[in-house]
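Visitor: using only what follows, build the 3D model:
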Amino acid sequence: MVPLIIAGAAASLAGSGMQAYSQYKANEEALEAKKKAANQLYAQGQLTDNEYKKVIQNIEDYYAQRGSLGQESDVNAYRDAVRSFNPEDYAADVGDFSFNKTKEDFVNPYYSQIMADTTSQLQHTAAGAGLGRGTGAALNIAKGVTEKSDELYRTAMQDYQNERNFAYQKYQDAITNNQNRLNSLLGAKTTKMQMQGNLANDYYDVMDQAQADRIAAEQDRLNAKTSYSTAMAGLY
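Guide: Next up is the predicted model:
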């Protein structure tokens, strides 16, 4: 018979062995479960990477197909138009008014003849009235000649002023017409620049939205990677 103490020791060793074996199997099963979970997470991560690539490609395809009304050339055209715009180009040059005639240019060309005829007529009238060449006759003749000279001078002055006013009005009309033309050109230029600006803004709006969509997709992918990394770390 086996001594009781030896039998007890054997039973104890057998129990310890079974416990150790059970613990080993449990650890082995836990490790296998962790490996399985890790493989699943890895596979899910690979799937997410592929999905991310598809999302990015879909974004690129969408905006390539959608396009935009504006192009990069419109941005450059708008920039160049703004840089080259000069308000002074649309202000009429008034210049200096010039009138190259003088009052003498309007004096009756027959002034001397008219004055001679006036003098002769007054002398004839005085002689007909019996005044002869006395002081009274001389004064009347001088007065008559002066009045005729004044009349011719006033007429010349009036003609000079009328023609000068006419020339000045033409000068002002030319300025007004030129300014009206420049105003029309400025309106057309402003409208064109606004349209170019709209095209440039449309181009940048589309580019900005495409980039925003890319960034959002990338952020989603980073968030997913963070979650997988945390889950993987929790396995060990």
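Visitor: shaky segments in the chain?
Guide: Residue ranges of the chain with pLDDT under 70: 1-47, 110, 122, 124-137, 141, 228-236.
Visitor: hey, where'd the helices end up in it?
Guide: Assigned helices in the chain, in chain order: 4-66, 72-84, 111-128, 135-233 (criterion: DSSP state H).
Visitor: ramachandran angles for residue 86?
Guide: Here the main-chain torsion angles of residue 86 (degrees, to the nearest 10) amount to phi -130, psi 110.
Visitor: next: residue 93.
Guide: Geometry field for residue 93 lists phi and psi as phi -80, psi 110, criterion degrees, to the nearest 10.
Visitor: how about it, nearest residue that isn't a chain neighbour?
Guide: residue 178 (7.8 Å; C-beta to C-beta, 6 or more residues apart in numbering). Backbone N, C-alpha and C define where each C-beta goes, glycine included.
Visitor: my guess is the one you found contacts residue 94. True?
Guide: No: taking C-beta atoms under 8 Å as the definition, residue 178 is not a contact partner of residue 94, at 9.2 Å.
Visitor: hmm, back to that, so what's the residue count around the residue nearest to residue 93?
Guide: Neighbouring residues of residue 178 were enumerated by other C-beta atoms under 10 Å; the total is 14.
Visitor: and it, how far from residue 87?
Guide: With distances taken as C-beta to C-beta, to the nearest Å, residue 178 is found 16 Å from residue 87.
Visitor: ditto for residue 173
Guide: Taking C-beta to C-beta as the measure, residue 173 and residue 87 are separated by 24 Å.
Visitor: also residue 103?
Guide: 42 Å.
Visitor: try residue 193
Guide: Applying C-beta to C-beta, one obtains 13 Å for the distance of residue 193 from residue 87.
Visitor: over to residue 150?
Guide: Counting by C-beta to C-beta, the gap from residue 150 to residue 87 is 53 Å.
Visitor: neighbour count winner among these two?
Guide: A side-by-side neighbour count of residue 150 and residue 87, using other C-beta under 10 Å, places residue 150 first with 10 against 7.
Visitor: quick one: residues contacting the more buried one.
Guide: Not one residue lies near residue 150 by C-beta atoms under 8 Å, 6 or more residues apart in numbering.
Visitor: how many neighbours does the residue nearest to residue 209 when sequence neighbours are not counted have?
Guide: Spatial nearest neighbour of residue 209, excluding adjacent residues (C-beta to C-beta, 6+ apart): residue 63 at 8.0 Å. Summarising burial for residue 63: neighbours were counted as other C-beta under 10 Å, giving 17.
Visitor: what residues are up against residue 63?
Guide: Residue 63 sits in contact with 206, 209-210, where contact means C-beta under 8 Å, 6+ apart.
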